[in-house]
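Trainee: what's the 3D shape of this:
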Amino acid sequence: MIQYRKILEMAHEGLSLRTVSASTGHGRPKVTEILQLAKDKGLECPLTEEMDDHWIEEFLYPYKAIENSGYGMIDFELVHRELAKPNVTLSLLHYEYGMSCRANGKIPYTYRSFLRHYKVYADKYKATLRVRRKPGEIMEVDWAGSTAFIIDRDTGEKVKAYVFVATLPCSQLSYAEATLSMDMNAWIGAHNRAFEYFGGSTQIVVPDNLKTSVTRHTLKELVLNPTYREMCDHYGTLCMPARVRAPRDKASVEGSVSTISTWIIAALRNEHCFTLTDLNQKISLKLEEFNHRDFSKKKGTRFTAFEEEEKFALSPLPAKPYKMAEWRTAKVRLDYHISIGNMFYSVPYEYIGKNVDVRVSEHLIEVFFKQMRVATHSRLYGKFGQLSTSKDHMPDNHKLYVEQTPENALQWAETIGENTLRLIQYLLDTYQVERKALSSIFSLKNSSRRYTKYEIERACKEILNVTQRPTVKLVQNQLKANKKKDAEQALEKPSKSQDDFGFTRGSDYWGGKGQ
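Mentor: Modelled structure (predicted):
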C-alpha cells in the first residue's frame with residue numbers, strides 16, 4: 001500500500017518532492033497527486049492516530065474500494081446533489097443507477113448496499129446526510145421549555161423572558177430570540193426575524209399545536225389560526241403542525257431546544273440584563289457561537305453546513321416582512337356600521353344584520369363577507385366613537401341628505417332658474433343655523449321629483465313678487481295651487497265641435513253638375 005501518512009508528514013515538514021519520492025519509493029507524479037487531493041479535501045497535518053494509510057486512502061479515493069469490487073461505480077456527488085431536488089428519493093436514484101449499470105455491463109449494488117455506501121460517503125465528506133431531510137424543505141419552530149429573565153430596574157424583580165427557537169433540520173442551523181410574552185404579536189414577530197436570519201423561507205413550517213398557530217387539530221380536521229395562515233401565505237410556505245402529543249414530528253427543534261437551553265439560556269444564567277434588547281444581544285452572541293461550534297461526529301459546523309448544503313434551496317423572501325393583522329367577527333348594525341375598538345366603520349347597507357369577518361392591522365380595517373372584501377377603511381385612533389363612513393355604502397336617501405351643502409344647493413338652484421337662485425341665496429343668508437336652511441332646501445329639492453323646472457321657477461317668481469320673506473313652505477303651497485289652477489283651466493277650456501273635424505262633399509259626389 002502507498003505510504004500516504006508518511007508522504008503527508010514529510011511534505012508538512014517542508015521536504016522537497018524529490019526527497020519525499022525517494023524516501024517512500026513512489027513517483028513524483030503520484031506524490032504530487034496525493035498532496036493535491038489532501039489539500040483540496042482539507043486534510044492537513046498533524047494527523048490523528050486513527051488516520052492510518054487505509055483511512056487516508058478511503059478519504060482521498062472513496063471510489064477505489066467500489067472500483068476494485070467489480071460492481072458499478074456510484075457517483076456519490078451526483079447522488080448527493082440530486083437528493084436536494086424536490087421529490088427525488090434514494091429509491092429513484094438507485095433505480096437509475098441500476099439501469100445505467102446494466103446498460104454498461106456492470107453489476108449494480110442492491111438498494112441496501114447503495115444506501116449504506118451513500119451514508120458512509122455523506123458522513124465522511126458532507127456536512128449533511130440527505131436521507132431524512134431535504135435542504136430548504138422544513139423549518140421547525142417552538143418555544144423553549146426553559147425561560148430567561150430580565151431585571152426590573154425599579155424593583156429588582158426578575159421578569160420572565162420566553163425563548164423562541166427555529167431550526168432547519170437539514171443543516172441543523174438554529175435561530176433564537178427572547179420575548180416578554182407568547183402572544184400572537186411575539187409569535188409572528190419572531191417568525192419574521194427567523195426568516196430574515198436564515199435569508200429565505202422553507203417549503204414547510206412545522207409548529208406545535210399552540211393557539212397562536214392552530215385553532216383545531218383532530219384526526220378529521222385541521223383549522224389554522226387565520227393570522228398564522230396568512231403569514232405563511234405571505235412567505236409562500238405551507239403550515240403542517242406536528243400531531244398532538246407527537247414530538248418526533250419536530251424532533252430537530254426539540255433537540256435544538258434542549259441544546260439551546262444548555263448553551264444559551266443556561267450559559268446566560270449569571271448575566272444581568274435590564275432590557276429585552278440587552279438580553280437579545282447576548283443571546284445573539286451565544287447563538288453565533290452555537291451555530292459555529294464543530295459537530296461532534298462529523299466535519300463542519302451548523303453554519304458551514306447551511307452555507308454549503310441548504311442556503312441555495314431556500315425560497316427568496318418577499319420585499320417586505322409580514323405585517324401583523326388580527327381577524328375578528330362583527331355584526332353589521334342598523335346604521336350599516338361595525339364597531340372595532342369602539343370606533344365605527346361603514347359597510348354597504350345591503351349587509352345590515354349580517355356577520356362579517358374583519359381583518360384588523362396597524363393602519364387598515366378590511367371587511368369580508370364570505371371571503372369577499374366589501375369595505376376598506378384607514379384605522380381610526382384617538383377619541384372613542386369616531387366614524388369612518390363611505391357615501392358608497394349609504395342608501396340613496398341618505399346620500400341625498402349627506403350631499404346637502406351650501407355649494408351643492410346653489411349649484412342646483414342655478415340649474416332651475418334666476419328666481420330659484422335668489423330664493424335659495426336668501427334662505428342661506430337668513431337662517432342662523434346652516435343645517436336648518438339646508439334641511440329646508442333639501443325639502444324643496446325633493447319637489448323636483450313631482451314638478452318640472454319651469455313649475456318650480458314659476459312658483460319661486462310668484463312668491464318673490466308677493467313677499468320679501470319667502471319660505472320653502474310658501475313655494476310648495478304655490479306649486480300645489482298652480483298645479484290645481486292649471487288642471488281647472490284645462491277642464492274649462494271649450495272643446496272643438498264635431499263640424500270642425502268633418503268635411504263637405506262637393507256636388508260632383510252626388511251626381512250633380514258643377515256651375
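Trainee: name the residue closest to the centre of the chain, please.
Mentor: residue 234 (2.2 Å; CA atoms, centre = their mean).
Trainee: isn't that one up against residue 318?
Mentor: Yes - with contact defined as CB atoms under 8 Å, residue 234 reaches residue 318; the gap is 6.2 Å. Glycine gets a C-beta too; all of them are placed from N, C-alpha and C.
Trainee: before we move on, the earlier item: let's verify the residue found closest to the residue nearest to the centre of the chain once you drop the neighbours it is linked to in the chain: helix, strand, or coil?
Mentor: Nearest residue to residue 234, sequence neighbours excluded (CB to CB, 6 or more residues apart in numbering): residue 322, at 4.3 Å. At residue 322, secondary structure determined by DSSP: H, G, I helix; E, B strand; the rest coil is coil.
Trainee: mind listing what residue 322 touches?
Mentor: With contact set as CB atoms under 8 Å, 6 or more residues apart in numbering, residue 322 has these partners: 188, 191, 192, 230, 231, 234, 235.
Trainee: what about residue 32, how many neighbours?
Mentor: Residue 32 has 14 neighbours, counted by other CB atoms under 10 Å.
Trainee: could you do the one 3 residues further on as well?
Mentor: Neighbour count of residue 35, defined by other CB under 10 Å: 17.
Trainee: over to residue 259?
Mentor: 16.
Trainee: I'd guess it is in a helix, am I close?
Mentor: Yes - assessed with three-state DSSP, residue 259 lies in a helix.
Trainee: residues contacting residue 31?
Mentor: Residue 31 touches 7, 11, 17, 20, 21, 24, counting by CB under 8 Å, 6+ apart.
Trainee: kindly recompute the last result at 10 Å.
Mentor: 2, 3, 7, 8, 10, 11, 17, 18, 20, 21, 23, 24 (CB atoms under 10 Å, 6 or more residues apart in numbering).
Trainee: among the residues you listed, the buried ones, what's the ChimeraX command?
Mentor: Per 16 or more other CB atoms under 10 Å, the buried members of these correspond to this ChimeraX selection:
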select :2,3,7,8,10,11,17,20,21,24
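Trainee: farthest pair in the contacts of residue 31?
Mentor: Distance extremes for those: the farthest pair is 2 and 18 at 17.5 Å, using CB to CB.
Trainee: select from the contacts of residue 322 the one having the most neighbours.
Mentor: residue 191 (27 neighbours).
Trainee: state the distance from the nearest residue to it once chain neighbours are set aside to residue 462.
Mentor: Sequence neighbours aside, residue 231 is the residue nearest to residue 191 in space, at 6.3 Å (criterion: CB to CB, 6+ apart). Residue 231 sits at a distance of 70 Å from residue 462 (criterion: CB to CB, to the nearest Å).
Trainee: please identify the buried residues of stretch 440-454?
Mentor: In terms of neighbour count (16+ other CB under 10 Å), stretch 440-454 has its buried residues at 440, 441, 442, 444, 445, 447, 451.
Trainee: quick one: the third one and residue 409 touch, right?
Mentor: Okay, so that is residue 442. Yes - the pair residue 442 and residue 409 qualifies as a contact (CB atoms under 10 Å) at a distance of 8.2 Å.
Trainee: in the helix ranked longest in the chain, what counts as buried?
Mentor: Identified as the longest helix of the chain according to DSSP state H is helix 472-492. By 16+ other CB under 10 Å, the buried positions in helix 472-492 come out as 472, 474, 475, 476, 478, 479.
Trainee: ok, stretch 328-346 next?
Mentor: Those would be 330, 332, 336, 337, 338, 340, 343, 344, 345, 346, for stretch 328-346 by 16+ other CB under 10 Å.
Trainee: dump the residue contacts of residue 263.
Mentor: Contact partners of residue 263, counting by CB under 10 Å, 6+ apart, are 176, 286, 287, 289, 290, 293.
Trainee: any idea which of those has the most stuff around it?
Mentor: For the contacts of residue 263, neighbours tallied by other CB under 10 Å; top is residue 176, 28 neighbours.
Trainee: measure it to residue 30 for me?
Mentor: Distance from residue 176 to residue 30, by CB to CB: 50 Å.
Trainee: could you do residue 458 as well?
Mentor: With distances taken as CB to CB, residue 458 is found 119 Å from residue 30.
Trainee: residue 385 too?
Mentor: Distance from residue 385 to residue 30, by CB to CB: 89 Å.
Trainee: of the two, who's got more company?
Mentor: Taking neighbours as other CB under 10 Å, residue 385 and residue 30 compare with residue 30 leading, 13 against 9.
Trainee: I'd say that one and residue 24 touch.
Mentor: Yes - in terms of CB under 10 Å, residue 30 counts as a neighbour of residue 24; the distance is 9.2 Å.
Trainee: so is residue 197 in a helix, a strand, or just coil?
Mentor: helix.
Trainee: how about it, what does it touch?
Mentor: Contacts of residue 197 (CB under 10 Å, 6+ apart): 166, 173, 174, 175, 176, 177, 284, 287, 291.
Trainee: any idea of the pLDDT on it?
Mentor: At residue 197, the model reports a pLDDT of 95.
Trainee: circling back to that earlier point, export the buried residues of helix 472-492 to CSV and tack on distance to residue 35?
Mentor: Below are these laid out as CSV (distance: CB to CB, whole Å):
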residue, distance to residue 35
472, 107
474, 115
475, 111
476, 111
478, 116
479, 112
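Trainee: between those, which is closest to residue 427?
Mentor: residue 472 (7.2 Å).
Trainee: can you give me the pLDDT of the closest one?
Mentor: 87.
Trainee: my guess is it contacts residue 427, does it?
Mentor: Yes - if you go by CB under 10 Å, residue 472 and residue 427 touch, sitting 7.2 Å apart.
Trainee: common neighbours of these two, please.
Mentor: In contact with both residue 472 and residue 427: 437, 440, 441, 444, using CB under 10 Å, 6+ apart.
Trainee: which residues touch the last one?
Mentor: I take that to be residue 444. Neighbours of residue 444 in contact, by CB under 10 Å, 6+ apart: 409, 412-413, 416, 420, 423-424, 427, 456, 459-460, 471-473, 475-476, 479.
Trainee: quick check: it vs residue 419, distance?
Mentor: From residue 444 to residue 419 the distance is 13 Å (CB to CB).
Trainee: now for those two: what residues contact both?
Mentor: Common neighbours of residue 444 and residue 419 (CB under 10 Å, 6+ apart) are 413, 456, 459, 460, 475.
Trainee: quick one on the thing from earlier: same for the longest helix of the chain, what does it pack against?
Mentor: Applying 3 or more CB pairs under 10 Å, 6 or more residues apart in numbering; DSSP states H and E, we find helix 472-492 packed against helix 418-430, helix 434-446, helix 453-466.
Trainee: 7 Å instead, please
Mentor: helix 434-446, helix 453-466 (3 or more CB pairs under 7 Å, 6 or more residues apart in numbering; DSSP states H and E).
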